[in-house]
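> sequence-free structure coming up:
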Ligand SMILES: [Zn+2]
């Protein structure tokens, strides 16, 4: 199982299957006790099966009703109470869920694994209710009892991430990596690298540039696709006055991820201007445009750069070429409006612009999470909706004309 990108699914699975898993453990326990006839009574009751069926078809109220009946048939049946509590939690009835799970903890003769699973469910209740400290406490207790419990580790990592406790999140992720198989290794490595990058950002906020740089470097070594680590490493070196080093870091990003090279444009421009060599920025933009004729961001950067130097006619050409690649980008239109004003609304140029802009619909800068389709106007490193790392891509919207044809 990939523990990086399956959290919403996991929540559902935990709700549904955890109880069953415990049921198995408990069944063995009861068998040892020689009371398995009692166990069968609850598991065989049609309330239990109906309850699970309603759960699967998302008819929660009916599921609660049937499972409650099944729980009355056999008040000992741990897994039914466990599921019942989980269903109440998913329904938003957190207090009820906590009450049910806490009552289970009071039972005598719980095995270690049963105890751990009840605590895990209780931790999820606390998390859902916003009781972060108590959730952390519960998950930690689960891991103390069952050190290989990947659910608890994963929820603990996510809680620490939400609290921006990056060192803790990183430590827990390492434990998870150690427990996971080789097939999930690359994905795990990528998440570790993003957490490492966060550690660097944190160090930088505390003014510790040396540590910050080491974290960023380490993030890049762990996974060369950790884009923000290149940007941040360059920033630290720039602050330290190491211009060559800063340029090398940003170059590294451009070489590794050309589609995200634009993130370094403003930085490189500032660097070259500060060094008195603005023409180097132009050369670089030209090279990027030649390497990626469909790219509009290098043309926008070039257009802005030229416009800032009063070379408006040249800027106009780059911006119009960019508009052909991305007719809906609002910032392109804005850049062009500015240039046209500077050119006293030159009639011929305005006409060319209107020709290009005829079918445009304005969008800011749309990005979309590949996992949950959450939309954002910025490129984000962690999705605020599904919490996935590095899942955003630029959304290219077809020209209005084409869209109409499709309809
Ligand atoms: Zn997402």
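Structure's in. What do you need? Computed from a prediction, not measured in an experiment: that's the story for all the values here.
> And the average pLDDT for stretch 271-281 is what?
Throughout stretch 271-281, pLDDT has a mean value of 92.
> end to end, how far does that stretch reach?
Distance between the two ends of stretch 271-281: 9 Å, counting by Cα to Cα, to the nearest Å.
> Please apply the same query to stretch 233-251.
End-to-end distance for stretch 233-251, by Cα to Cα: 11 Å.
> shouldn't residue 149 be in contact with residue 120?
Yes. The pair residue 149 / residue 120 is scored as a contact, 7.0 Å apart, by Cβ atoms under 8 Å. (Glycine included, C-beta is placed from N, CA and C.)
> who has more neighbours, those two?
Remark: of residue 149 and residue 120, residue 120 carries more neighbours, 26 against 21, as counted by other Cβ atoms under 10 Å.
> re earlier: joint contacts of residue 149 and residue 120?
When contacts are counted by Cβ atoms under 8 Å, 6 or more residues apart in numbering, residue 149 and residue 120 have residue 142 as shared neighbours.
> element containing residue 71?
Residue 71 belongs to helix 60-73 when assigned by DSSP states H and E.
> which helices and strands does the helix or strand that that helix is followed by pack with?
Next helix or strand after helix 60-73 toward the C-terminus (DSSP H and E): helix 78-90. Under the contact criterion of 3 or more Cβ pairs under 8 Å, 6 or more residues apart in numbering; DSSP states H and E, helix 78-90 touches helix 7-33, helix 46-56, helix 60-73, helix 94-105, helix 112-129.
> Buried residues of stretch 331-339, list them for me.
For stretch 331-339, burial by neighbour count (16 or more other Cβ atoms under 10 Å) applies to 331-333, 335-336, 338-339.
> for it, what is the average pLDDT?
93.
> again, but for stretch 396-407
Rounded mean pLDDT across stretch 396-407 is 49.
> can you tell me which of the buried residues of stretch 331-339 lies nearest to residue 208?
residue 331 (35.1 Å; Cβ to Cβ).
> after the strand or helix carrying the closest one, next one along is what?
If you go by DSSP H and E, residue 331 is part of helix 330-342. Sequence order places helix 347-357 as the next helix or strand after helix 330-342, per DSSP H and E.
> helices and strands around that next one, which ones?
Judged by 3+ Cβ pairs under 8 Å, 6+ apart, helix 347-357 is in contact with helix 312-325, helix 330-342.
> residues contacting the nearest residue to residue 360 once chain neighbours are set aside?
Leaving aside its chain neighbours, residue 360 sits nearest to residue 327 (4.5 Å; criterion: Cβ to Cβ, 6 or more residues apart in numbering). Residues near residue 327 by Cβ under 8 Å, 6+ apart: 356-357, 359-360, 399.
> Tell me which of the helices and strands packed on helix 347-357 lies nearest to residue 84.
Comparing those by Cβ to Cβ, helix 330-342 comes nearest, at 51.2 Å.
> Which strands or helices does the host helix or strand of residue 273 pack on?
Using DSSP H and E, residue 273 falls within helix 265-274. Applying 3+ Cβ pairs under 8 Å, 6+ apart, we find helix 265-274 packed against helix 227-239, helix 243-256, helix 278-291, helix 297-308.
> closest one to residue 96 among those?
Relative to residue 96, the nearest member of the helices and strands packed on helix 265-274 by Cβ to Cβ is helix 227-239, separated by 42.0 Å.
> so how many other residues sit close to residue 165?
Using other Cβ under 10 Å, residue 165 has 17 other residues around it.
> got a pLDDT number for it?
The model reports residue 165 with a pLDDT of 94.
> what does the stretch 301-407 of the chain have sitting close to the ion?
369, 371-372, 374, 383, 385-386, 388 (Cβ under 5 Å from the ion).
> what would those look like in CSV with distance to residue 143 and neighbour count?
As requested, these are exported to CSV (distance: Cβ to Cβ, whole Å; neighbours: other Cβ atoms under 10 Å):
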residue, distance to residue 143, neighbour count
369, 29, 20
371, 27, 18
372, 28, 14
374, 30, 17
383, 26, 21
385, 27, 15
386, 24, 17
388, 23, 22
